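Novice: build the 3D model from these lines:
(chains A, B and C, ligands or ions: 3)
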Amino acid sequence: MTDFNALRDQLKPQCEAIIAQYEQPRSALLPLVHLFQAHEGYASADALRAVSEMLDLSLAVVESTVSFYTLFYRKPVGKYMLQVCRGLACTLNGAEDIMAYFREQLGIGHLETTGDGLFSYEEVECLAACDRATCMQVNLNFAYDLTPKMIDDMLTAMRAGKYEITPLPQTEHPPRTWTLRQDLQVSHGDKSAGAQDQSAPNNPGGLDRDGIIMLDRILSDEARFKGRTKERLANVEPAMAEAIEE
Amino acid sequence: MPVVKVLTEGIGEANLRDIKVYRDRGGYKQLKRAFTEMKPADVQAICDKSGLRGRGGAGFPTGKKWAFLPAGVAPRYLVCNCDEAEPGTFKDRMLLEETPHQIIEGILLGAYAIESHHAFIYIRGEFKRGYEVFMDALAQARKAGFVGKNLFGSGFDLELTVHRGAGAYICGEETALLNSLEGKRGEPRLRPPFPAVQGLYSKPTIVNNVETLAYLIPILERGPEWFAAVGTERSKGYKIISISGHVQKPGNYEVALGTPVRKLIELAGGLRPGRKLMAIQPGGGSSACIFEEHLDMPYDYESLQKAGTMLGSGAIVVMDDTTDFVRAAFNLVRFFAHESCGQCTPCREGGHWLERVLHRFLENRGLKSDIEMLARVSHEITGINLCPLGDSIEPFLASVLKRFPEQFEARVARETVRA
Amino acid sequence: MIDQQLVTVTIDGTPVRVPKGTWLVEAAKQIKREIPVYCYHRKMGPAGLCRICLVEIEGMPKLQIACNTAVTDGMVVHTQSDKAADGRRAVLELYLVNHPLDCPICDKGGECDLQDYAMAYGQGYSRSVDPKVSKPKAVDLGPTIVLDEERCVVCQRCVRFDDMIVGERELVLKDRGVRNIIATANGEPYRHNFTGNVTELCPVGALTSKTYRFKSRPWDLRRTTTTCTQCPVGCQMHVDVRVGVVQRTMSLEDDDAISDGWLCDRGRYNVGFYDDPARVTQPMYKRDGGWVQIGWDDALDIWAAAIREACAVNPASVGVVGGGRLTNEEAFLLQHLFRAKGVANLDWRAGSQRQASPGRNGGTLVDLESCDAIVLIGESPAERAPVMDLRVRKAALQKGAKVIRIASAERPYPAPIPSTDVATVAEAIKKLPKDPKRIAIVWDGCDADFATSLLEKLPAGAQVLTYITGEQANARGAEAMGMLPFSEPGYGKAESGLDAAQMFAAARDGKLAVLSIFGANPAMYRADFARASFTAVSDLFMTETAQLADLVLPAKGPFEKTGTTTNMAGDVLPVNAAHSLETPADALSDLEMVVALAEKLGVELPVAEEVDAAVLRHLAKAPEDFTLGDARFGTSVILSPSKDPERRRKAHVEGIAFNVVVQTRVFGGGGTSAHDARIAELCPLPEAAFSPEDAAELGVNTGDYIDLVLDSVSDVVQAHHDNVGHDLLVEVRNGMPRGTIALIGGLPDSPASNLAGARVSVTNIRRAPEDAAEAIGAPA
Ligand SMILES: Cc1cc2nc3c(=O)[nH]c(=O)nc-3n(C[C@H](O)[C@H](O)[C@H](O)COP(=O)(O)O)c2cc1C
Ligand code: SF4
Ligand code: FES
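Specialist: Numbering: from 1, shown residues only, chains lettered A, B, ... in the order given. Ligands and ions are numbered 1, 2, ... in the order given. Alright, predicted model coming up:
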């Protein structure tokens, strides 16, 4: 908390300059959240409260607005946010194979973070680089014409801390996912607290609890992921796999 | 050769991000000329005469749009729409990353023309590099005295504010963009009132695409007649086309409107050897497909409209005979369902419903009756939404359903499974 | 926007003439054509989200939404054509794709717009075979409301209500697309004075009241329309009764003149006290220090005998307090009876409010909307007349009126409502907009100096409208009916008697023989309250005052009797007994008591028709001859601290002395909210608010607990209350003046009401446990 206060005070002049750019302070909402996210790695509850105070808005309004935008992460994310394009042009050029390869290499699915906190993985809409399909962004920096080899090299470099793109700041160890939906499910008694940060068992398989389609299964070779979560986890996190076994 | 270089001039050859290079090539001359030699109304008249139409999707004549501004109401705003997220479109990003000064100059010209003293550019959140390049260019332009107070001694103040989006396709829609710019959820607004009357902060506002504004520079330089001389009767001038999909040389190509579609595909290197053309999506994710028989059709607003589709943002996605059209349909429907703001029921519920049905087809669990239902439901949700996003779901789906019904039939469950 | 020019539009073949610019949905209502809507609401205008209001307009290729289409001359509209019907059918099918269809267990069943429209316009089956989106059901939104996310149709009426009407913006839409949900800020409850309205706005069963969940089916309810008498606004409301118990109350959507279609949470939810086991069900008589139950015959005999004897000796030793809680008829007969016996000591002012009739400049509630500036003096109308406060917010939020508040010790207006807090009248005058045409003054009726000096200094040329919020619902009616020591019914001059404060003083000095109190609880508000030699109290509960009495008479509550009441703007409103509501067999209305007492005392009362005529005559007569803060009402009754050094207590270790101000809260005050178990969560906890500077000096934070000790007080406070405040929850509040501590008045078991004007110091500070503080910040 005190850490955050220090950050807030440090950023205060910058925040004021941003607010001054607009005729109405509320316009600064997105830029301010961007700013805090750039420093904390995600849009923390503290940050949203601070923004609501600076702009004289109710916290609910700030949370509502932030929840609309997919680039604001409500929980800490991995140091490398891997966002692979699933747009039409990329799909026509083999994005599905690339996504399947990513999931296999990382052992996680869409909207998930690896247990070591290094990678977060998301499949995103058209990134406006269709001429260089298939493409992706790493911490919002483009990578084009992806091949399994490139992915191997990229992940190796990242794991070794030698990748050219600076990792995102990480103030806390990230949980399994960064959407708030899971939180709500817990607070609403829909999911037990212990399951909050676990990947939904059916995440890589079609519909999640909300009935929202999780893309992994559709776009991947079905047979390969028949074993689903447990098998994938066994690769990376034996302990967690055991826990699920029980 | 149908390919021309107007806005794309110099890209890939020189570092146009550097204001010096840009100015050496004639940059900011038109801006100075406008501010020192012309009245705002003159710029407006030239734009109107050129027949320039919006390059963001709707293709509305720019001069006519400006004329909707109520006279004498201040402040008024110009917002440049750089939220490019239409599937298949990547022209604005190229302009942003390669020639940002051209955008700045275009915005300033547009703002001068409509007598706005505060202009904004809304840049898609994913365009991190584009944002950085633009911020750098803006600092250079500011230093050179092109942005700020009393420009070129004309007494005209003009501020330009850069606003970054945060991941929402719908924020490309102009009223959603304004809400996002006001720090709200990117939900489109009810019209009327139209933004030209009540836009940003309830003040008269014009939203124009990056490319639209950039074209103001050559139009001013070479005269409206030059621009109006190319193209067709009602689709005048040049346009940057983004071609992708199953072609050998995907990329942005600047062409005169009215160029036959076949030529465009040839420009992009044609299909891969041995492949057969199956379908072309001619105007972004919201457009219906055209097919082989349309190849000789001129690529302009009217012809495409007559063929039951649209030019949109000028994004052409070519699909050859390896394409799984069920998957393609699912892909686009899922896109619109994912990007729906969720305000209107038809778009929110309908899009998601269609997505789930198509998902079943992907798993070979379709029902025979679903095929007809897909067509009916997608048609029923069209034309009754608050903004055009909800109406964007039908065109592609309907056109492939009609053209390739066998691909859908092949995915009907062999035995009817009880749900 | 709406032009007065009339245009003709043809709807389904019927021509309608309406002002140009009228929305099509409203035009259709005029010829009783239903155009279904979910998101549109008359008070909030079109939103254009639900798309159910589709109609066909000739000359337009696409179906149009009727909610956002302004009629034009010659427009031809079809609401029932095949095309329109098909569009509606399609939209309705979409609504049901993800709807849980749990009508059999849904409270809204029977009055649900989704159900009704699906029956009327739907196709009767669904083509969807896929699993529905599951969302959390029974989400606890706060003390009043439960949300079922699956039933929600995302019409956003509730969200827009919180934004446009209330301005608190606590309820919002979260997420995007099909995941859209209604929510509050993470972990924060939905809590303000108007939450209940969203349950009525909700067209489906998504938002339901905790007090009404699973209680009844709408067709099993007996409905009565009446006036809410919890505060002086007088909102019109429906009371719905089943099995003899009030199940719920609902607003009247077309009550534009009084409530504007809304109810506050007190009026809506504080209706569970009628069947509270603590109700007085029989006359009670105190004998040898203990209570005995007696019959009405005996009770009336004892009471009448006491009055008769005292009057025979000296009518000036008899007093009556009450009337603000009674109907006009009851107040009229009450003063008639006692004046007939020669009694002049009549007053309704049991608390600190001095005046209720605003005099010659009184405005209507609707007038507030057209003011350029609204000056609020004293206590916040949000806590004293909540639904009137919604008009103030409407004026500020929707019409751009400037709100200026004098007295900054209170909770400021929520952020989106622009208000300026000032400390003095001079500052307020300075903040007025230039050349105002119309200024409203809303006064809490307590400190007359503020009101008079403000009136004097207002710019000439501006029309001034005055309003008085108050402690008692029918205070204005009581004044008009002559329940004042100096005026007769109709504000005529009367032989002068003692006012309430003087009566209590007389009682304390042993000079008052008989005191009768009707529906008032002075012991709660005034430290100097003392019983007379014989005191009779008519009430529903054993209030603080009743406990000190000799005779307690079981009274009927407002839903149990019939008559009229007068609101703060002078509107005469009907009070109707709710059908089939069960009342304790031995409870009588105050009217019945007065009639019975008159019989025993041998006073002839006017017959019913005469009473009705008198009430109307006296109320119709505007109180022309006095103004806000008129001297005849006397000055403030706030006690001043004793100067007697011997009475001073040593300031405590912390050593800083504070002046006490006592504030009203909607859910404080009165026996009814204390006796309604269903709304216990809504009642505030006893708390003490400090300015941030004082809090820092004391070293306390929000969430800590403190006790108070008296520093210096009047004798009376000392005599009655040795210990002053225990376990008060600290609130650090911006805008509080230094050296002041704000307590909440009218809470049971908290003597705060008696402390107005006292000086106290803080003792025994207990910190909020650390983990508890964390729990508030971060959900586990
Ligand atoms: C769903 C939707 C998305 C849109 N996305 C964009 C976009 O990414 N970029 C853009 O310039 N216009 C987009 N538009 C079009 C804008 O609403 C608007 O018409 C355009 O910015 C106007 O500029 P123009 O007149 O220069 O074309 C979109 C429209 C809709 C309905
Ligand atoms: S059509 Fe879709 S995206 Fe457009 S306003 Fe409606 S819900 Fe939002
Ligand atoms: S009432 Fe017209 S769209 Fe909802």
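Novice: what's the local residue count around B:Gly72?
Specialist: 7 (other CB atoms under 10 Å in any protein chain shown). Where you see a C-beta, it was placed from the backbone N, CA and C, and this is true even at glycine.
Novice: show me the contacts for whichever residue of the stretch 201-350 of chain B sits closest to ligand 3.
Specialist: Closest to ligand 3 within the stretch 201-350 of chain B is B:Cys344: 7.8 Å, counting by CB to the nearest ligand atom. Neighbour list for B:Cys344: B:385-387, B:390, C:48-51 [criterion: CB atoms under 8 Å, 6 or more residues apart in numbering or on different chains].
Novice: so where does the closest residue to A:His173 other than its chain neighbours fall, helix or strand?
Specialist: Leaving aside its sequence neighbours, A:His173 sits nearest to A:Gly117 (CB to CB, 6 or more residues apart in numbering or on different chains; 5.1 Å). If you go by DSSP states H and E, A:Gly117 is not part of any helix or strand.
Novice: thought A:Gly117 was touching A:Gln170?
Specialist: Yes: with contacts counted by CB atoms under 8 Å, A:Gly117 reaches A:Gln170, the gap being 6.7 Å.
Novice: any residues in contact with both of the two?
Specialist: A:76, A:78-79.
Novice: can you list those residues in a markdown table and add distance to C:Asn734 and pLDDT?
Specialist: Below are the shared contacts of A:Gly117 and A:Gln170 laid out as a markdown table (distance: CB to CB, whole Å; pLDDT from 0 to 100):
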| residue | distance to C:Asn734 | pLDDT |
| --- | --- | --- |
| A:Pro76 | 32 | 92 |
| A:Gly78 | 40 | 95 |
| A:Lys79 | 40 | 96 |
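Novice: how many neighbouring residues does B:Leu257 have?
Specialist: Residues near B:Leu257, counting by other CB under 10 Å: 24.
Novice: and if you look at C:Gly124?
Specialist: For C:Gly124, using other CB under 10 Å, the count is 8.
Novice: flag the shaky bits of the chain, pLDDT-wise.
Specialist: Assuming you mean chain A. Scanning chain A for pLDDT under 70 picks out A:1-2, A:180-246.
Novice: not quite, I wanted chain B
Specialist: B:1-2, B:415-419.
Novice: tell me where the stretch 401-550 of chain C has strands.
Specialist: Under the criterion DSSP state E, counting those that start in this stretch, the stretch 401-550 of chain C contains strands at C:402-406, C:419-422, C:438-443, C:463-468, C:514-518, C:534-539.
Novice: and those strands, which is most packed in?
Specialist: Comparing these by mean neighbour count (mean count of other CB atoms under 10 Å in any protein chain shown), strand C:514-518 ranks first with a mean of 28.
Novice: and that one, what other elements does it pack with?
Specialist: The contact analysis (3 or more CB pairs under 8 Å, 6 or more residues apart in numbering or on different chains; DSSP states H and E) places strand C:514-518 against helix C:296-313, strand C:318-322, strand C:534-539.
Novice: go again with 10 Å.
Specialist: helix C:296-313, strand C:318-322, helix C:328-340, helix C:500-508, strand C:534-539, helix C:544-547, strand C:551-554, helix C:590-601 (3 or more CB pairs under 10 Å, 6 or more residues apart in numbering or on different chains; DSSP states H and E).
Novice: nearest to B:Thr62, out of the ones you listed?
Specialist: helix C:328-340 (68.3 Å; CB to CB).
Novice: buried ones in the closest one?
Specialist: C:328-339 (16 or more other CB atoms under 10 Å in any protein chain shown).
Novice: same thing with stretch B:241-254?
Specialist: Of the residues in stretch B:241-254, those buried (16+ other CB under 10 Å) are B:241-247, B:250-254.
Novice: surely B:Leu354 forms part of a helix?
Specialist: Yes: assessed with DSSP: H, G, I helix; E, B strand; the rest coil, B:Leu354 lies in a helix.
Novice: and the residue nearest to it when sequence neighbours are not counted, how close does it get to A:Leu88?
Specialist: Leaving aside its sequence neighbours, B:Leu354 sits nearest to B:Val333 (CB to CB, 6+ apart; 5.0 Å). Distance from B:Val333 to A:Leu88, counting by CB to CB, to the nearest Å: 11 Å.
Novice: ok, the two, which is more surrounded?
Specialist: Neighbour count, other CB under 10 Å: between B:Val333 and A:Leu88, A:Leu88 has more, with 31 against 28.
Novice: how about the more buried one, phi and psi?
Specialist: When quoted as degrees, to the nearest 10, the phi and psi of A:Leu88 stand at phi -60, psi -50.
Novice: ok, which of the contacts of B:Cys344 also contact ligand 1?
Specialist: B:Cys387 (CB under 6 Å from any ligand atom).
Novice: of the contacts of B:Cys344, just say which sits nearest to ligand 3.
Specialist: So of the contacts of B:Cys344, ranked by how close each gets to ligand 3 (CB to the nearest ligand atom), first place is C:Cys50, at 3.4 Å.
Novice: in chain C, what residue lies closest to ligand 1?
Specialist: For chain C, CB to the nearest ligand atom, closest residue to ligand 1: C:Gly177, 13.0 Å.
Novice: I figured that residue hits B:Phe335, correct?
Specialist: No: judged on CB atoms under 10 Å, C:Gly177 makes no contact with B:Phe335 at a distance of 11.3 Å.
Novice: give me the more crowded residue out of those two.
Specialist: The neighbour comparison of C:Gly177 against B:Phe335 (other CB under 10 Å) goes to B:Phe335, with 25 against 21.
Novice: touching ligand 1 at all, the host helix or strand of that one?
Specialist: Assigned by DSSP H and E, B:Phe335 belongs to helix B:325-339. No: on the criterion CB under 6 Å from any ligand atom, helix B:325-339 is out of touch with ligand 1, staying 7.7 Å away.
Novice: now check that helix, is it near ligand 2?
Specialist: No: for a cut-off given as CB under 6 Å from any ligand atom, helix B:325-339 has no contacts with ligand 2; the smallest distance is 7.2 Å.
Novice: are any of the shared contacts of A:Gly117 and A:Gln170 buried, and which?
Specialist: For those, buried by 16+ other CB under 10 Å: A:76, A:78-79.
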